[in-house]
Each structure stands twice: as structure tokens, then as C-alpha cells.
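**Student:** Give me coordinates for this.
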Amino acid sequence: MISTAALPVRTPAAIPITVVAAATIRSLRTLLRSPALLISPLAQSLFFLLVYTGQLRTVGESYLPGGSFIAFLLPLILVTGVATGAGAAGTLIHQDVSSGYLDRLRMAHGTSAPFIAGTLVATLVVVAFQQVVTVAGAMLVGYRPGTLSGMVAMLGLMIVLGLAVALFAVALAVRGASASSINLVTLVVFGLSFFTGFFAPVEQLSWWMRALATINPITYLVETARDLESGVTLEVAPIAAVVLVTLLVAGALACVLSSNHARRTR
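**Tutor:** Numbers count the residues shown, from 1 in each chain. From the prediction side, this is the model:
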């Protein structure tokens, strides 16, 4: 008879750290081997940047006195890139759920949380890289940051938004949703970004579009990003903070509920 005292004891705090690190490295390798997940969001952002600035820059600067049309447009280009890039977290988890890999990990370690966390970390690393490259591309076509610290703060805001998008995508994937259902998270954020002051300030939009932009939560994130980048007063930052916190809490809660559902049913 084997004494239970001889069995190795795993402390709850020791397992997640190593597992999260291993899951992060694994997810990064998967993303590097998946051009569609890695390159497509970046190519999309650069494409929109080149087309919009090439065709509308002169017109845009005519109704943005003293302002740069590229600087005005850049936060929305970054939002669309975040919406697409952060959705990769759901795709990665969906692959693991479909193959049964995530369920085997959960049975082996008692929880799937460290593996999900690793996927989220890897996705945010890639999203941050995509954002930096997009900003570099904007500089090549004439973008000049209002302030360096403001530009960094703008990128930080986008990464937090990316985490919120990734959480919802992961929640659907853990729940066992189809790939098309997971992509709805990306499509919702992507679609909402166009119902903001995309090419013009909100106050210059037609009345019905202005009304839509006013109730659109993405509007306040974009306006705050613009204010951060230019170094002006953060007029709508409190609303943007509430939006981000709400999205993060709701996304985290959705992940917990989905994990509990998977534990009971699979």
C-alpha cells in the first residue's frame, strides 16, 4: 500500500504560472504558423490606412482645421485591427475544443484557466505587434504623433479593448460555438466602428448618424484615443473607462460561465 504522504504535492500557486507560460509559448508558435491569423488583421489595417488616406486626406484636412486627417483616422484603423486580431484567441481555443485537447488538459490539471490565460496573453502580444506595425505604416504616409506618451497611451487603450474582444471570443469557443459564431464578436466590433465619427467629427455628421454615434460605445473609446494621441483634455474618458470596465467584467464572467458549462457537459 502506497502512503499518501509519499505522493507529490502540487501547490495551487505553482501550477498556473508554469502552465500559463507553456500555453503562451504554444499559442505564439501556433499564431506564427498561421499566416491568416497573424498577417490578415495587419494587412487589413494597412490596406484601410493606405486607401482612406490616399483618397480622403486632402478632403479630410479641409474640414479638420489645424488637424491631421491621418491622426484623426488612425484610432479607428487600430480599432478595426484590434477587432480582427483579438478574435484569433477564440479561433485558437476553438481548435483545442474541437480536438478535445482542452478537455484533456482540464482533466489532467483540474482547470483549463491557465491554458486559456496563456492563449489570451499570446493573442495580446500579437495584437500589440500588429498595432505597432500599423502606426509605423502610418508614419510612412505622413503621420506624426501629437505626443509620444499620448501615442503609447492610445496603443495601451487599444490593447485593453483587444483583451475584452478576446475574452468574448474565448467564451464562445469554450462554450462549443461554431467558428462562424465566434467570428460574430469580431464582426460586431468591426461593424460598430463604422457608426462613429469615422471620417468626420461626430458633431459634423447627419442627425441620424450622430444619434447612432452618440449611443455607440465604440465612439467614446475612439474619441478618448484621439484625445490621448493629441494630448488634449480627455473629455469623454470617464465614459470610455466605464465601457472598457463593463466589457472586461462581462467578458471575464462569460468565460467563467462557459468553463463551468463545459465542465458539466463534457
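**Student:** Quick one: residues in contact with the helix or strand containing R104.
**Tutor:** Under the criterion DSSP states H and E, the helix or strand holding R104 is helix 101-109. Contacts with helix 101-109, where a contact means CB atoms under 8 Å, 6 or more residues apart in numbering, come from 15, 19, 93, 95-97, 112, 115, 174, 262-263, 266. C-beta coordinates here come from the backbone N, C-alpha and C atoms, glycine included.
**Student:** ok, now stretch 40-58?
**Tutor:** By CB under 8 Å, 6+ apart, the residues outside stretch 40-58 that reach it are 69-70, 73-74, 77-78, 80-81, 84-85, 88, 127, 130, 133-134, 137-138, 141-142, 199.
**Student:** now the residues you listed: which count as buried?
**Tutor:** If you count burial by 16 or more other CB atoms under 10 Å, the buried members of these come out as 69-70, 73-74, 77-78, 80-81, 84-85, 88, 127, 130, 134, 137-138, 199.
**Student:** my guess is L228 meets M158, correct?
**Tutor:** No. Between L228 and M158 there is no contact under CB atoms under 8 Å: 10.2 Å.
**Student:** and stretch 209-229, which residues are buried?
**Tutor:** Along stretch 209-229, the positions that meet the burial threshold by neighbour count (16+ other CB under 10 Å) are 209, 212-213, 216-229.
**Student:** Run through the neighbouring helices and strands of the helix or strand where V97 lies.
**Tutor:** V97 is located in helix 88-99, with elements delineated by DSSP H and E. Helices and strands touching helix 88-99, as assessed by 3 or more CB pairs under 8 Å, 6 or more residues apart in numbering; DSSP states H and E, comprise helix 14-32, helix 35-62, helix 101-109, helix 113-140, helix 148-175, helix 179-193.
**Student:** Of all the ones you listed, which one comes closest to A241?
**Tutor:** Counting by CB to CB, A241 lies closest to helix 148-175 out of the helices and strands packed on helix 88-99; the figure is 9.8 Å.
**Student:** Could I get the average pLDDT for that closest one?
**Tutor:** Averaged over helix 148-175, pLDDT sits at 94.
**Student:** now it and helix 113-140, what's the angle there?
**Tutor:** For the pair helix 148-175 and helix 113-140, the angle between their directions (axes from the mean of the first three to the mean of the last three CA atoms, to 10 degrees) equals 140 degrees.
**Student:** buried residues in helix 148-175?
**Tutor:** Neighbour-count burial for helix 148-175, counted by 16+ other CB under 10 Å, picks out 150-151, 153-155, 157-175.
**Student:** where in the stretch 1-150 of the chain is pLDDT low?
**Tutor:** Across the stretch 1-150 of the chain, the ranges flagged by pLDDT under 70 are 1-16, 66.
**Student:** switch the cut-off to 80
**Tutor:** Across the stretch 1-150 of the chain, the ranges flagged by pLDDT under 80 are 1-16, 61-62, 65-67, 103, 105-111.
**Student:** on that earlier part again, tabulate the helices and strands packed on helix 88-99 (TSV), appending distance to L247.
**Tutor:** Listed next are the helices and strands packed on helix 88-99 as TSV, based on distance: least, CB to CB, whole Å:
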stretch	distance to L247
helix 14-32	22
helix 35-62	19
helix 101-109	24
helix 113-140	14
helix 148-175	4
helix 179-193	10
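**Student:** Comparing these, which comes out most buried?
**Tutor:** Ranked by mean neighbour count, the helices and strands packed on helix 88-99 are led by helix 148-175 with a mean of 22 (mean count of other CB atoms under 10 Å).
**Student:** how many degrees apart are that helix and helix 88-99 in direction?
**Tutor:** Using the same axes, to 10 degrees: helix 148-175 against helix 88-99 is 20 degrees.
**Student:** Mind giving me the packing neighbours of helix 148-175?
**Tutor:** Under the contact rule (3+ CB pairs under 8 Å, 6+ apart), helix 148-175 is packed against helix 69-86, helix 88-99, helix 113-140, helix 179-193, helix 217-230, helix 237-265.
**Student:** Can I get those helices in TSV including distance to R26?
**Tutor:** Shown next, in TSV, are the helices and strands packed on helix 148-175 (distance: least, CB to CB, whole Å):
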stretch	distance to R26
helix 69-86	18
helix 88-99	9
helix 113-140	7
helix 179-193	19
helix 217-230	31
helix 237-265	19
